[in-house]
Each structure stands twice: as structure tokens, then as C-alpha cells.
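Peer 1: Structure here, sequence nowhere to be found:
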């Protein structure tokens, strides 16, 4: 098969487009012909050697394609069926897996990091990771669902319990996960204040349903959020940027507000004003992906209620170019590799 492989860590040029051995489906596995694989910021970290330093490695967590072969013991799938993969591999044995909290599995692994992913023509996946692709979406759109929408769903719906009439602040609304969060918050009847850089990205956030969009390069976010909410602040803050936005996100959080965070793109070290935090009965949720049950529920909503935002589609051979686009921050929504 053809694959985009990293055999050393570094800049985008370390991604090599090569002939690579075909994977074979083991017992309980499905072999998938990859048609599209969306990029995530984690791909860049792995490429640089900041996460999962296994080499050689085939990147790519968000995978959509077609079933081409079944391992022994697999039932219920047919060759040619269009599928999308749940992005995490779990042990199925620990207390978290057995209680339906698989995203907290003590042995969790991610496609494209601890195991080979979707920057390739073929990938073998455990049967429990294989889900039917929603009807009416393209492979590129389906590949844009797993990490962004599942994580946003887990943050807003499961952890923060967003409710109608609340205000949600979506930090970085132009990203793949931010564009998902805007839609999910609106789906549950919340008012959305998003942040983005530049007029073009701000308008696209409005087109997705954001009620107000702030320029995070030019406007004081917390001050503007409080002005827009008559001084109350945001009931829910959706955070994935990290150190650069953390202080403003906390200041924007309302009394009894909930903040969920899933990333630290701009840095890992932050501070917390404990007096303000406990005196205002606030909650911070650390979040990582979501569960297979949530994924199943989420996929049903792509029949007209949610939609992915695909920024640009590159052929697999141009994976390095796709990484450069992500690193420059030019994109709105998801960058996808067509395989």
C-alpha cells in the first residue's frame, strides 16, 4: 500500500510518501480501505516527537473508508460498507471500560500515535471501533467527525450539561473542534459567544450559528462576554487553546459556571485563583475524546442537524503541505487527506 510515514521526528519534510507493507486483520479486526483522514493538532505533536515517540509511525486519527476484509470472529459487516472509526483503542477490561467510560481507559491508545493510523491506503481496526458512516456525507466530511465532534460533545453535553438559555463561550471557534462546539451548543438551545481572528473567520463562525463573535487578537474577551451577558459571564466555557487564553476564559466564567478543557496548543502551564474559583462555586472539567456510546448517538445527528466544516482536501502524497497549512493557522474547520 501507499502510506505517508514518519521515520524520524522534525518538520513537515520528515513525512515520506512510501510503499509500505499492507496490514492484515487479526481476529476480531476489520480491514478498512481508507478514503479520507482528517488532521488534528496531535499529528503535529507526534511528528515533532512531543507525543508517542514510536518510529516508524503512520499518523492519522480521524479515519473514514470502506470495509475490504474481515478477521476471524467478525460478524455484522460486509465488504464495501462505508465506515468511520472511533478514534481510541481501549482494553475492554478495566473498571472504566466496563462502566462505559472507555475514554478514561487505563490503557487507551490513539490511532496515528501509539498504533498506525489513517495516512495510508489501509488500516486494521478492532471491530468495536467500526461504525457505519452517516448517510448523505462524503468521506472527507465523515473523517472530520470523530475527534472534533466527539470531544466537543463530551465536553458540552456530557461533562458540562449545557442547557437551553445558557451562554457558552467557545474559544477558538474557527478550529475544527471550535466549529463543532458552536453547532452543538446551538443544538441544545444555548447562546454562543465565539472567538476567532480576523473578519473572515468571525463571519464564518456567525454562519455556523454563533450569536456574537469576538476578535481574540483585538478585544478583551472576558470584558466583552460580561458586557454581552449583563455582567453575569458565560455559564459554560469551551477551552482547548491553553495558556494564551486561560486567564481570559476564567475571568469570563460565571458564578457556578463550568469550564471544560481538552487541549493546550499554546502552552501547558497556567494559574488558578483558588479564592475566586471556590467562592463562586465554579467547576473545571478535564476531558479527553468521548465514549463509543456518545459516538453512536452523535453520528445519528448528521442527518441534517449537524455538519462538518472541511477547510481543504489534500491528496495523501501532499501530507506535508497539509501539516504546513495547519501550522500556519490558515484553516477554518478541518484539513483532510484524500486517500
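Peer 2: Yes, it's here. Predicted model, so just to flag it, every value in this text is computed and none were measured.

Peer 1: Verify the contact between residue 190 and residue 169 for me.
Peer 2: No: using CB atoms under 8 Å as the test, residue 190 is too far from residue 169 to be in contact (10.2 Å). Glycine gets a C-beta too; all of them are placed from N, C-alpha and C.

Peer 1: more crowded one of those two?
Peer 2: Counted by other CB atoms under 10 Å, residue 190 and residue 169 do not tie: residue 169 has more neighbours, with 35 against 25.

Peer 1: Identify the contacts common to residue 190 and residue 169.
Peer 2: Listed as contacting both residue 190 and residue 169 by CB atoms under 8 Å, 6 or more residues apart in numbering are residue 236.

Peer 1: quick one: buried residues of stretch 330-337?
Peer 2: 331, 332, 333, 334, 335, 336, 337 (16 or more other CB atoms under 10 Å).

Peer 1: Which one of these is nearest to residue 57?
Peer 2: For those, the minimum distance to residue 57 (CB to CB) is 15.3 Å, reached by residue 337.

Peer 1: show me what contacts the closest one?
Peer 2: With the criterion set at CB under 8 Å, 6+ apart, residue 337 makes contact with 4, 36-39, 60, 118-119, 313-316, 318-319, 322.

Peer 1: Do you have the strands of the stretch 1-150 of the chain handy? List them.
Peer 2: Under the criterion DSSP state E, counting those that start in this stretch, the stretch 1-150 of the chain contains strands at 2-6, 15-19, 29-38, 57-58, 62-70, 82-85, 88-89, 109-110, 122-126, 130-132.

Peer 1: Deepest-packed of the ones you listed, please.
Peer 2: strand 29-38 (a mean of 26; mean count of other CB atoms under 10 Å).

Peer 1: what about this protein, any weak spots by pLDDT?
Peer 2: Residues of the chain meeting the criterion pLDDT under 70: none.

Peer 1: which residues of it fall in helices?
Peer 2: Assigned by DSSP state H, the chain shows helices spanning 41-48, 95-98, 139-143, 146-153, 176-187, 199-208, 221-228, 246-252, 274-279, 292-299, 319-328.

Peer 1: Quick one: which of the contacts of residue 337 is the most crowded by neighbours?
Peer 2: residue 37 (35 neighbours).

Peer 1: What residues are recorded as beta-bridge partners of that one?
Peer 2: residue 63, residue 337 (DSSP bridges).

Peer 1: Select, from the buried residues of stretch 330-337, the two members most distant in space.
Peer 2: 332 and 337 (17.4 Å).

Peer 1: now residue 214, which residues is it bridged with?
Peer 2: Beta-bridge pairing of residue 214 under DSSP bridges involves residue 195.

Peer 1: Cross-check the contact I'm expecting between it and residue 194.
Peer 2: Yes: between residue 214 and residue 194 there is a contact at 7.3 Å, judged by CB under 8 Å.

Peer 1: Who has more neighbours out of the two?
Peer 2: Applying other CB under 10 Å to residue 214 and residue 194 shows that residue 194 carries more neighbours, namely 30 against 25.

Peer 1: Now the more buried one. Nearest residue, chain neighbours left out?
Peer 2: Computed as CB to CB, 6 or more residues apart in numbering, the closest residue to residue 194 that is not its neighbour in sequence is residue 173, at 3.2 Å.
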